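> Provided below for reference: sequence and predicted model.
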Amino acid sequence: MSATLNHVGLPRDAYKGAATTLCAGCGHNSITNHMVKALYELGVEPHLLAKMSGIGCSSKTPAYFVETAHGFNGVHGRMPALTTGAHLANRQLIMLGVSGDGDTASIGLGQFMHMIRRNVDCTYIIEDNGTYGLTKGQFSATADLGSMQKKGAVNTFQPIDPCAVALALGCSFVARSFSGDGKQVVPLIKAAIAHRGTAILDIISPCVTFNDHDGSTKSYSWVKDHEESIADVSFIPFFEEVHVDYEPGTVRDVRLHDGSHIMLKKLGQDHDPTDRQAAIRVIEEARAEGHLVTGLLYVNTDMADFASTEHIPNRPLKDFGEEDLRLTRDDFARFMSEFA
Amino acid sequence: MTEPIVNDLTIQAATVNGSGSQTANLVLTRAIFHMGIPVAPKNVFPSNIEGLPTWYQLRITPEGHMARSDKVDILVAYNVATWREDLTTVRQGGVVIHEEAFSTADGRSDVTYYGVPFAKLAKSKIQSDTLRKQLANMIYVGVVAGVLGIPWEALEHGVRRQFLSKPKAVQVNLDAIKVGFDYWQDNFSKQDPYRLEPMTGVVEGKVLVEGNQAAALGALMGGVTVVAWYPITPSSSLCEYLIAYAERFRADPQNGAKRISVVQAEDELAAVGMAIGAGWAGARAMTSTSGPGISLMAEFSGLAYYAEVPVVIFDIQRIGPSTGLPTRTSQADLGFVYTLSHGDTKHMVLLPGTVEECYELARDAFDYADRFQTPVFVLSDLDLGMNLWMTPEFKYPEKSFDRGKVLTKDDLEKLAGEWARYRDVDGDGVTYRTLPGTDHPAAGYFTRGSGHDEMARYTEGAEAYARNMDRLARKLETARHSLPAPIADENGASVGLIAFGSTHAAVVEARETLSAQGKSVDYMRVRALPLSDQVARFVSRHERVYVVEQNRDGQLYDLIRLALPPELVDRLRSIRHYNGQPIPAAAITEPLMQQEAVPA
């Protein structure tokens, strides 16, 4: 039996990568699988995908999906700069950045913020486990106040919440999820890719080796007990028809630039994902109550993305040749004469 | 009165930063240049927006010497704060044009004073309240024109050229110059020997260009499409010129789309990172910075070296260490830039010595970066970058872009997808790459700063690591023979000089001076790192070779010593200038003659 092909004619296997070298049970491996599923179902053409990352466990994962795509594992905390540059060189590429909590909230906080400020069209996934895995278990800046290390040390600092920071900066797409919740992560990845602008997706992803114990607020059991989804997310790509079979008034529909839709089915509260202040409130309330709120927190499809504000042509800048880039002989001669 | 001194003098204007004095200085410069007289301006300015003292030196020689002179013939004293000290810099028999209110009591008796009530004239003769402060400086231009005999037509040209894009400003500025010009005519008779007379033979076909303008034009002609930068003196103007030139030459008049993106980054880390990201994705990309920014770019430079990503990095050197003197010149980044980043990193460095080379090497740097898939540094400096230099007009490039070894979809089909990103197919250390977006299933590969094998796969394997590092060394060897060769000027002298970058101007003049004293010396100007083999051969042809440079530690001297066979090492001498002021010829001739006088 032949494999099922997606809308660009590729089987799911075409989205696989090298075997993971992360620990068995690592949340990041689940995210990798979600990535494969999302990219396959979305029908992303591998040659147009650019997988970008910094340094850390999370930043290794781009090697573990879509092996035939180009990837760039750069330096610690600097994925946004590389992504911005590559995007400017070729705005037809689909920029997919993978980072971690150390890579984003500590060494890379400045670049994270400035990428949001520019609204560079890319997906920015934070595989957030609250700990430095590769260097053996130090706290990261997203670790909650009072959470504990494996050997009992208590974190005495306020956490930096990447979603709250992103919202404060006016990021055009902010979502949070949990690596164990594929049903939510997959449509959010698809929506983030379809969104034109910087899409931040903070995925709590337990570190089984250093941060999956009692006393951690980034463990499987803690998240399972405290996760509170604000809405059921489904994603309808532009190449599929929208079938609405929900009761009127129970679903919010967000139409993205490429014609795809995010459908949000209300759960407990009725969160309006286009209301930035409401999103900040939802995060703050969950924090006060000791919950982890997940789902699409905020989306703004009206904000111009960086390449548009920079007036970059659709044709990739890398493809312009001498005839487009050099001054003509006449212009050059006239220009030189102005220095006389 | 003594013999007239014609077209051979140095004017020094001592003014206040932020008062508009630079415009007056440039008008004077352009007017004199228009008379066919060679000019060499040097701007000595503070790290300050407004209020601190600033000096502008305009050296005029019939030969067209371009180096700074440490002798002042004509002082224009506008700044009471530095008046006493400025007065001491004037040579015996020189001229002092000063604000009349400055006291000359207890001053020099061996100079000619022309006291002008600049402040009163500005108040009574300049009508516009808003422009008075700016225009007041123009009055001195008129007085200097009167003293030296600059024709009105040349002044008109100077003003028109300076206000090319603001023609409305021409008349008010000319009116202000006229105030000074008339005051001189009405109140003084000439007491000094200095004169300017129109001449021919040196400046024809020449233009006045700043090195940073030249580099910006070079980058544009080299096909740069992504520029990321962070403001820093003395590099900022390079990117600001690029922005202006791009508006003019790279914007589509129909839809406003630009065939370039210039991004002001949040810091130098991001600036170089963006340029590297763009270079990886196939654009010709660059950043420009100075000392502190170069320090911040170290980590990323190592990534681009090891992952083999083309990028052009301009370092317009200022003096360090640390913040140093941010508005003073230096050549002290040479050694640091050459091995910028940890762990056996070594870079290709281009060393322009003239503004024409700022243009040419900026342009060609993009070819070298693409050909060798590596960062290429262009090491300029504040003197070269921010001062106006007289130069032959730049030549239109006849060579096409060299985009290096890039495999397209068609190439990959012909190879049936058989290729390896880091395999040395041609034996030159330079491997083939593909660009993201290439529509072939074999095109993709994983770029990383961690250990990798020929297939770009992660490895910590000892052999694979060493093999890759050896290949990178081989690539640098290939570059050694391809980068711009040194330029030698030899007449069989026993003594040689070696220099690089902006030191060139002083060396040219020093050789003339030495020659006139019967001491002819040969000269080699190094234009790239790694050093050409020609350097050792030059040393072997001379008994003593003086390496002249603008840093404390003799950084080029050290690099050459390392490259020499042991028997030649003792032939090297070192001449170092490092006070932040552009090196004058005397800083070469004097130590050289002293050392030559002592038998080795």
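That came through, no problem.

> let's verify whatever residue of the stretch 501-600 of chain B ends up closest to chain A: helix, strand, or coil?
Residue nearest to chain A within the stretch 501-600 of chain B: residue B:505 (18.3 Å; CB to the nearest CB). For the C-beta atoms, the positions are set from N, CA and C on the backbone; glycine is no exception. With DSSP: H, G, I helix; E, B strand; the rest coil as the basis, the three-state label of residue B:505 is helix.

> let me know whether it touches residue B:64 as I believe.
No - with contact defined as CB atoms under 8 Å, residue B:505 does not reach residue B:64; the gap is 10.1 Å.

> and the two? Which one has more around it.
More neighbours surround residue B:505 than the other of residue B:505 and residue B:64, with 24 against 17 (other CB atoms under 10 Å in any protein chain shown).

> just checking, what packs against the longest helix belonging to chain A?
For chain A, the helix reaching the highest residue count under DSSP state H is reported as helix A:27-42. Other elements packing on helix A:27-42 under the criterion 3 or more CB pairs under 8 Å, 6 or more residues apart in numbering or on different chains; DSSP states H and E are strand A:122-128, helix A:182-194, strand A:198-204.

> so what strands line up beside the last one?
Based on DSSP bridges, the pairing partners of strand A:198-204 within the sheet are strand A:122-128 (parallel), strand A:173-178 (parallel).

> can you list contacts of it?
With CB atoms under 8 Å, 6 or more residues apart in numbering or on different chains as the contact definition, strand A:198-204 has outside contacts at A:27, A:31, A:115-116, A:118-129, A:162-163, A:166, A:171-179, A:185, A:188-189, A:191-193, A:218, A:223, A:292, A:294, A:305.

> what is the burial count for the residue lying closest to residue A:278 once chain neighbours are set aside?
On the basis of CB to CB, 6 or more residues apart in numbering or on different chains, the spatially nearest residue to residue A:278 that is not a chain neighbour turns out to be residue A:272, at 5.6 Å. Counted with other CB under 10 Å, residues neighbouring residue A:272 total 12.

> and what of residue B:402?
A count of neighbours around residue B:402, defined by other CB under 10 Å, yields 13.

> chain neighbours aside, what residue packs nearest to it?
Nearest non-adjacent residue to residue B:402, counting by CB to CB, 6+ apart: residue B:367, 4.2 Å away.

> so the one you found touches residue B:401, yeah?
Yes - Residue B:367 is in contact with residue B:401 according to CB under 8 Å; the separation is 6.5 Å.

> name the residues contacting each of the two.
Where contact means CB under 8 Å, 6+ apart, the residues bridging residue B:367 and residue B:401 through contact with each are residue B:222.

> residue B:237 and residue B:386 touch, don't they?
Yes - Residue B:237 is in contact with residue B:386 according to CB under 8 Å; the separation is 6.4 Å.

> of the two, who's got more company?
For residue B:237 and residue B:386, the more surrounded residue by other CB under 10 Å is residue B:386, and the numbers stand at 25 against 20.

> now for the helix or strand hosting residue A:281, which elements pack on it?
In this assignment (DSSP states H and E), residue A:281 forms part of helix A:276-289. Secondary structure elements in contact with helix A:276-289, counted by 3+ CB pairs under 8 Å, 6+ apart, are helix A:162-168, strand A:292-299.

> before we move on, back to that, so can I have JSON lines of the helices and strands packed on helix A:27-42 showing mean pLDDT?
As requested, the helices and strands packed on helix A:27-42 are exported to JSON lines (pLDDT from 0 to 100):
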{"stretch": "strand A:122-128", "mean pLDDT": "98"}
{"stretch": "helix A:182-194", "mean pLDDT": "98"}
{"stretch": "strand A:198-204", "mean pLDDT": "98"}
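
> returning to that earlier point: now the residue nearest to residue A:278, what's its secondary structure?
Secondary structure of residue A:272, per three-state DSSP, is coil.

> distance of it relative to residue A:181?
22 Å (CB to CB, to the nearest Å).

> now swap in residue B:330 and tell me
In this structure, residue B:330 lies at 57 Å from residue A:181, with CB to CB as the measure.

> who's more crowded, the two?
Applying other CB under 10 Å to residue B:330 and residue A:181 shows that residue B:330 carries more neighbours, namely 27 against 20.

> where does the nearest residue to residue A:262 once chain neighbours are set aside fall, phi/psi-wise?
Using CB to CB, 6+ apart and skipping the chain neighbours, the partner closest in space to residue A:262 is residue A:254 (4.3 Å). When quoted as degrees, to the nearest 10, the phi and psi of residue A:254 stand at phi -110, psi 120.

> check contacts around residue A:254.
For residue A:254, the residues meeting the contact criterion (CB under 8 Å, 6+ apart) are A:261-262, A:264, A:273-274, A:296, A:299, A:301.
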